[in-house]
Structure formats: C-alpha cells, structure tokens
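# I need the structure of the sequence given here:
(chains A, B, C and D)
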Protein chains: 2
Amino acid sequence: MVRRTKAEAEQTREQILDAAESVFLERGVARASLEEIAQVAGVTRGAIYWHFRNKADLFDAMYGRVHLPMEDLFDQVVALEEGNAIEALRTFCVQSLRCLASNARRQRVYTILFHRCEFVDGLQESNERLIALRDRWLAKMEDLLQREQTRGRLPAEVCPRLAAITIHTAMIGIYFDYLRSPHTYDLSAQAPQLIDLVFRCVG
Amino acid sequence: MVRRTKAEAEQTREQILDAAESVFLERGVARASLEEIAQVAGVTRGAIYWHFRNKADLFDAMYGRVHLPMEDLFDQVVALEEGNAIEALRTFCVQSLRCLASNARRQRVYTILFHRCEFVDGLQESNERLIALRDRWLAKMEDLLQREQTRGRLPAEVCPRLAAITIHTAMIGIYFDYLRSPHTYDLSAQAPQLIDLVFRCVG
DNA sequence: CACAATACATACATTCGCGTTTGTTTGCTA
DNA sequence: TAGCAAACAAACGCGAATGTATGTATTGTG
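Residues are numbered from 1 along each chain as shown, chains lettered A, B, ... in the order given. Prediction:
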C-alpha cells in the first residue's frame, strides 16, 4: 500500500527525521546506516531516498528542525532597543541552557552535533554553514555589546569583539561539557549561576 | 624484508601513529580505513594489526602521545604551595592555548578529538576515560580555588566548584571554536586577553 | 649455531552499506 | 474516468573495509 496522501507523506518525513535522531545518537552519524533508520521509522530505504538526497541532506534537515526557532529568539533579543540589552542577553543565555536541559529533542540533536558526528566528506558543507552561522552570531553580539558600551553598560577597557567571543565560546563549552555527561549536571538549576560567572567578564 | 630490529620496529610504530593523525584528520576517525593509514605510513595493514589491536587502540595511543605531557604540567601548577596559585593557573591556561596554536601535533590531535570523531561503538571506552580525566581536572581546580579562597584571593560569594566548571568549560569552548576554523583566529596573540576576560569570573 | 619468537607482508572470507533501478499501488487532476 | 505522477517497496550491483589466517625472512638468544 503506497501512494499516501500529502499529509501522510509529511508524517512519514517526520518519522524518518525522528528515527534519524535516534539512530545518529546511538551509532554516530558515520556508522548509522540508512537501513537502520528506515527500520526504526517503519519504512524502507526507498522512502528515505524519496524525501532526502542522502545522509547529509537528512542530517541538515534534522538540524534545521531545532535550529530555526532559536535563531529567531536571539534576533529578538538583539533587536531590543530600550532596556538593558546585556541583561536581555544574559536572560537569553540562561533560557538557552534551560531549554537544552528540558527539551529532549534539542538535547539529542546537539549531542549529535557535538559528540556524534565528523564534519568531513559529505558533512563538510554543513560544517561551513555552521561556521557562517557562528560568524553571524558573533557579529550580532559584538554590535550589541558595542552599543551598550556607548551607553556605559560595558566597561571601557573591555573589547566588544573579544567579549562576544568569550561569551560565545563559554556557551559552546557548557553545551559541549554538559552533553558529554548530562547526568553529572543539574543544568536547569545551575544555569543562572553559571551564566552569572560568565557574565562577570562584561560587568 | 621483514623482521626489523627493535629500534626499527618502534620507528614504524611512530610512523603508523603519524599516519593515523593525518588520515583521521582528513577522513574522520570512522571513515578512516586502516588500509589508507598503512599506505601513508609506508607499511601494510599487517603492521598495524601487529602494533595495535584495532582502530580504537590506535586512537588511544595517538591521544596518549599528546596528552601525557600536559597533565604533568597541570599537576605542577596545582602543587604550587607558595605564591598566587590563581595567577599560576591563569598562566597555565595562556600557555595551553599558545601551545595549541604553535604545536602542529597538538592541533591535529585535538581537532580530531573535537571535530573528527564519534564517541560510540569502539571509542566508547576512550570517551569514558576522557570523562574521568575531566573529573580529575575539575576536582584539582576546585581544590586550588578553595585553598585560594581561604587566603582571600577568591571572592567569598564565588562558589569554587562552579568557578572551576566555568574556567574548564571556557577552555573547552575556546579549544572547540578555535579548532573549527583556526584561520579566523590569531590565538597566540589573543590568548592573554581571552584568558583575562575568562578570569574576571574569579577576580 | 640452531631455533623459536619477532615483525611484518600477503591472501582470504565475509559483511555491510550505498546509490540506483525497477516495480507497484493509489491519490489527483483534467 | 482515464491517466499521469506521487510515494513509496523491493531488488540489484558494486565497492570498500574489517578481522583473521597464513607465509616468510630475520634476529636476538641460549
């Protein structure tokens, strides 16, 4: 029985993405076979090759599901004109960590990104997109910090660009370290204090 | 012509490790074939299987070559009784980054660790060793910070454990971010300023 | 100086996974 | 109400990589 309706097709697409998350997490992206992903999704490889070009395309789609909402949120923070933008940024960082701790899908996907994939061969383009993404984030944060510096909310001796790098790498490090052994953290509870310490670099 | 002398055998072992670094870096650990490593090393797979049990064993040996010296150095810093231990720690962090920027082997190996390997399957045990290693580092840093707190060199409101986590994750984040695109950094030059910002969390 | 262990090279069997092609059924559309 | 195309399933062909088994020339040793 094939030739489902359009809504059903979209549903199998989501099932495939769910299965990909699960299998990538367990086996790692490189050792994950499309056959196993298909089995977990309850379809055959034919379905995967219908919806996606190959494993890298599947990987990109999987990341896209969790990434897009977060970037919008960050853009809102940056766009804030009135109020203390640095405080808003701090709140955003705390929220980001809390979301990571509570949202199972984000946790899975970022664990895959940090600890279960090798950015070579087919994933090289994905990696370059991630680097470009990082550069955009950095630029936005630098702008924000520079604006706040003119308003006297960032000490004059602090370089906005280096501060942006510091905050960014600190977040990356927390993500990386937490996802390596989530059971040794209580990230939801510790997030505010961790971010407090990090933000001492700008205050 | 086989059955080399012991010194020659040790040399081929090193050649194999060198080749593994190169191929792991290029292909990623999972997609790196022992055949290619053997070719680069100028031997056959037989030689690899003689010196190492499998790919995971080879991986561990490769990491051991760069790791052991650095842990000794850190232990010396922690063991410092007189003087400002936090300053020594800061110097150690700067040195660590500078070493990363200047030492090609460290750069290759840590790039592999952060961006070219999936800790599943055969590498799961290696991963657990890395986690245990991290816990030891954290404990040592926490001890150091607590000692300095009793001497009034760490603000009373700062939790030593959280500060240790913050410094550790900050270093991880810098490593990770730098190794993802080394050409966008001048890490040797920026290291002192970056570490200065990080260490504002403890001063 | 014999001889067993070393330090590999070579050959083999097997498995696995990918990309593609072909087949089949049914939803849509004119 | 044909008939085309969507949405898969099933089958094919192929290369590549792993572990092991066997061969072989030295080399250190008693």
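
# do you know how far the residue of chain A found nearest DNA strand D is from B:Leu100?
Shortest chain A-to-DNA strand D distance, computed as C-beta to the nearest atom of the strand: residue-wise this is A:Gly46, at 2.3 Å. Any C-beta I mention is one placed from the backbone N, CA and C, and that applies to glycine too. In this structure, A:Gly46 lies at 46 Å from B:Leu100, with C-beta to C-beta, to the nearest Å as the measure.

# Quick check on these two: which one has the bigger neighbour count.
Neighbour count, other C-beta atoms under 10 Å in any protein chain shown: between A:Gly46 and B:Leu100, B:Leu100 has more, with 21 against 9.

# Sticking with that one, tell me its helix or strand.
B:Leu100 belongs to helix B:85-102 when assigned by DSSP states H and E.

# Could I get the average pLDDT for that helix?
Averaging pLDDT along helix B:85-102 yields 95.

# so what does that helix touch, helix or strand wise?
For helix B:85-102, the elements it packs on are helix B:55-79, helix B:104-115, helix B:124-150, helix B:160-180, helix B:187-199, judged by 3 or more C-beta pairs under 8 Å, 6 or more residues apart in numbering or on different chains; DSSP states H and E.

# so which of those helices gets nearest chain A?
Of all the helices and strands packed on helix B:85-102, helix B:160-180 sits nearest to chain A, with 2.8 Å by C-beta to the nearest C-beta.

# That closest one to helix B:124-150, inter-axis angle?
For the pair helix B:160-180 and helix B:124-150, the angle between their directions (axes from the mean of the first three to the mean of the last three C-alpha atoms, to 10 degrees) equals 130 degrees.

# okay, now A:Tyr63: neighbour count?
For A:Tyr63, the count of nearby residues is 18 (other C-beta under 10 Å).

# ok, it touching A:Leu133?
No. At 10.2 Å, A:Tyr63 does not count as touching A:Leu133 under the criterion of C-beta atoms under 8 Å.

# I'd like the distance from the least confident helix or strand in chain A by mean pLDDT to the chain centre, please.
Comparing helices and strands within chain A by mean pLDDT, DSSP states H and E singles out helix A:55-79 as the least confident, with a mean of 88. Using C-alpha atoms, centre = their mean, to the nearest Å, the distance from the centre of helix A:55-79 to the centre of the chain it belongs to is 7 Å.

# and it, what does it pack onto?
Using 3+ C-beta pairs under 8 Å, 6+ apart, helix A:55-79 sits against helix A:6-27, helix A:34-41, helix A:85-102, helix A:104-115, helix A:124-150.

# hmm, it touching DNA strand D?
No. Looking at helix A:55-79 against DNA strand D by C-beta under 7 Å from any atom of the strand, there are no contacts, and the closest approach is 13.9 Å.

# contact partners of that helix?
Defining contact as C-beta atoms under 8 Å, 6 or more residues apart in numbering or on different chains, one finds that helix A:55-79 is touched by A:16-17, A:20-21, A:24, A:29, A:32, A:34, A:37, A:48, A:52, A:85, A:88-89, A:91-92, A:95-96, A:99, A:105-106, A:109-110, A:112-113, A:117, A:122-123, A:125-126, A:129, A:133, A:137, A:140-141, A:143-144.

# can you give me the angle it makes with helix A:34-41?
Here the directions of helix A:55-79 and helix A:34-41 differ by 70 degrees (the same axes, to 10 degrees).

# How about helix A:55-79, which residues are buried there?
Buried residues in helix A:55-79, counted by 16 or more other C-beta atoms under 10 Å in any protein chain shown: A:55-56, A:58-60, A:62-63, A:66-67, A:74, A:77-78.

# For chain A, what lies in contact range of DNA strand D?
Where chain A comes near DNA strand D, counting by C-beta under 7 Å from any atom of the strand, the residues are A:2-4, A:6, A:8-9, A:12-13, A:38, A:43-47, A:49-51.

# of those, buried ones?
When neighbours are counted using 16+ other C-beta under 10 Å, the residues of chain A next to DNA strand D contain these buried positions: A:12-13, A:38, A:43, A:47, A:51.

# so which of these comes closest to B:Arg200?
In terms of C-beta to C-beta, no member of these lies closer to B:Arg200 than A:Arg13, at 47.3 Å.

# excluding its backbone neighbours, what's nearest that closest one?
In space, A:Arg13 comes closest to A:His51 once its chain neighbours are excluded; the distance is 4.9 Å by C-beta to C-beta, 6 or more residues apart in numbering or on different chains.

# same check, this time on A:Asp177
Take A:Asp177 and drop its neighbours on the chain: the residue closest to it by C-beta to C-beta, 6+ apart is B:Thr169, 4.8 Å away.

# Looks like the one you found contacts A:Gly173 (just checking).
Yes. In this structure, B:Thr169 sits in contact with A:Gly173. The criterion is C-beta under 8 Å, and the distance is 3.5 Å.
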